[in-house]
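**Q** below are the sequence and a predicted model for it; my questions follow.
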Amino acid sequence: MNLIIVRHAESLNNVPGSVWVADPDVSPRGLQQARLLGERCEGLAIDALVCSPLLRALRTANEISIRKNNMPVHILHELVEVGTDYAVRGHARAQEICPAVLPYDDVPAGDYGDGYDLAIKDPYYLQSRAYRVISRVRQTFAADATVVLVGHVGINQRLLAAALRMSLPSDFKFAQDNTCVNVVNYSTGEDGREVTRFVMMNDTAHLH
């Protein structure tokens, strides 16, 4: 399996001098970044597209979906950014942003049912959340599939650490620029054991 982990395009919160909001849209420059990322993905053999439910991620995934003949977009709530106090956006509203969004098949805890709490900031919990995301994706899609995950800088850092089967020290961060591409490959070695390869990290060649 190939996991292509990308960060969303530049949001309005990323623009200097902007007023911070909990769930920002992409900026005008961010929309152009997302379109360039979509163009890059157009030439890739992608089997599935999975996205955080936050607005900036949906906008980014939509540009990929468009370039892949309106590829269906799976929403995975555990891809929301670290520390986000997220209120579930209805499926109809999500489809207004990204028409290819599929019906939700997971819902956060709290007011929305049993499961998990997206607002927890404990580093051990966050790392276990990242392991759950990778495990769920690998169990859901075929072993030889290429799956794109559209996330955020904080959760992406933990996904990359989980792919390496390591904890993420508080003084260490993976660089994750807007619309960056990270590629993790899982394969089976000659001895039958699984081999994990980092093929690419924080690549933004499509922006240059």
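**A** Done, it's in.

**Q** biggest helix in the chain by residues?
**A** helix 123-140 (DSSP state H).

**Q** where do the strands sit along this structure?
**A** 2-7, 48-51, 73-75, 146-151, 181-188, 194-203 (DSSP state E).

**Q** let's have the ones you listed in CSV, adding mean pLDDT.
**A** Converted to CSV, these look like this (pLDDT from 0 to 100):
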stretch, mean pLDDT
strand 2-7, 98
strand 48-51, 97
strand 73-75, 96
strand 146-151, 98
strand 181-188, 96
strand 194-203, 95
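
**Q** let's have those strands in CSV, adding distance to residue 57 and mean neighbour count.
**A** Heads up, the C-betas are built off the backbone N, CA and C, glycines and all. Converted to CSV, those look like this (distance: least, C-beta to C-beta, whole Å; neighbours: other C-beta atoms under 10 Å):
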stretch, distance to residue 57, mean neighbour count
strand 2-7, 9, 25
strand 48-51, 5, 23
strand 73-75, 9, 24
strand 146-151, 5, 25
strand 181-188, 15, 17
strand 194-203, 17, 13
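
**Q** okay, these in a markdown table with distance to residue 67 next?
**A** Below are the strands of the chain laid out as a markdown table (distance: least, C-beta to C-beta, whole Å):
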| stretch | distance to residue 67 |
| --- | --- |
| strand 2-7 | 13 |
| strand 48-51 | 11 |
| strand 73-75 | 13 |
| strand 146-151 | 11 |
| strand 181-188 | 14 |
| strand 194-203 | 18 |
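
**Q** what's the closest of those to residue 83?
**A** strand 146-151 (13.6 Å; C-beta to C-beta).
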